[in-house]
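Asks: Whatever this is, show me its structure:
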Amino acid sequence: MARVKRGNVARNRRKKVLKLAKGFRGGLSKLFKPAKFAVMHAMQNMYKHRRLRKRDFRGLWIARINGALSNTELSYSKFIGQLNKKEIFINRKMLAELAVNNPDVFTELVTLAQEKA
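Replies: A predicted model of the protein is given here:
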């Protein structure tokens, strides 16, 4: 009876985990069991931080818009409110981009938001 050689599946699974753990410190990158837990924890953080990154960027955009509005009498909230009232729907990412790279276009938007209806 020919014998069955096994172990490819288990080895491949372990290699996959250790490849994901590359760069971790100490035994977390060399030993399978600690690496497995470290990779699991790292993947949970990856999932969580992909969502937190969106929050961080929105805060950055708001800070940039508010900084560009600092030399006008408008506050950020009033500016956004007036844009929405005028039905000018530009997202915060594009407003921040305009504020940093095209300040003249941004000032036109500010004057457009300020003028009376």
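
Asks: the helices in the protein, which residues?
Replies: For the chain, the helices defined by DSSP state H cover 8-20, 32-68, 76-85, 92-101, 103-114.

Asks: Using CSV, please lay out the ones you listed together with mean neighbour count and distance to M1.
Replies: Every C-beta, even on glycine, is put in place using the N, C-alpha and C of the backbone. Compiled in CSV, the helices of the chain are given as follows (neighbours: other Cβ atoms under 10 Å; distance: least, Cβ to Cβ, whole Å):
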stretch, mean neighbour count, distance to M1
helix 8-20, 12, 20
helix 32-68, 13, 32
helix 76-85, 15, 77
helix 92-101, 16, 67
helix 103-114, 14, 80
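
Asks: would you list those helices in JSON lines and tack on mean pLDDT?
Replies: Output for those, formatted as JSON lines (pLDDT from 0 to 100):
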{"stretch": "helix 8-20", "mean pLDDT": "94"}
{"stretch": "helix 32-68", "mean pLDDT": "97"}
{"stretch": "helix 76-85", "mean pLDDT": "94"}
{"stretch": "helix 92-101", "mean pLDDT": "96"}
{"stretch": "helix 103-114", "mean pLDDT": "93"}
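
Asks: Report the contact partners of the residue nearest the centre of the chain.
Replies: Central residue of the chain (Cα atoms, centre = their mean): R53, 2.7 Å from the mean position. Contact partners of R53, counting by Cβ atoms under 8 Å, 6 or more residues apart in numbering, are absent.
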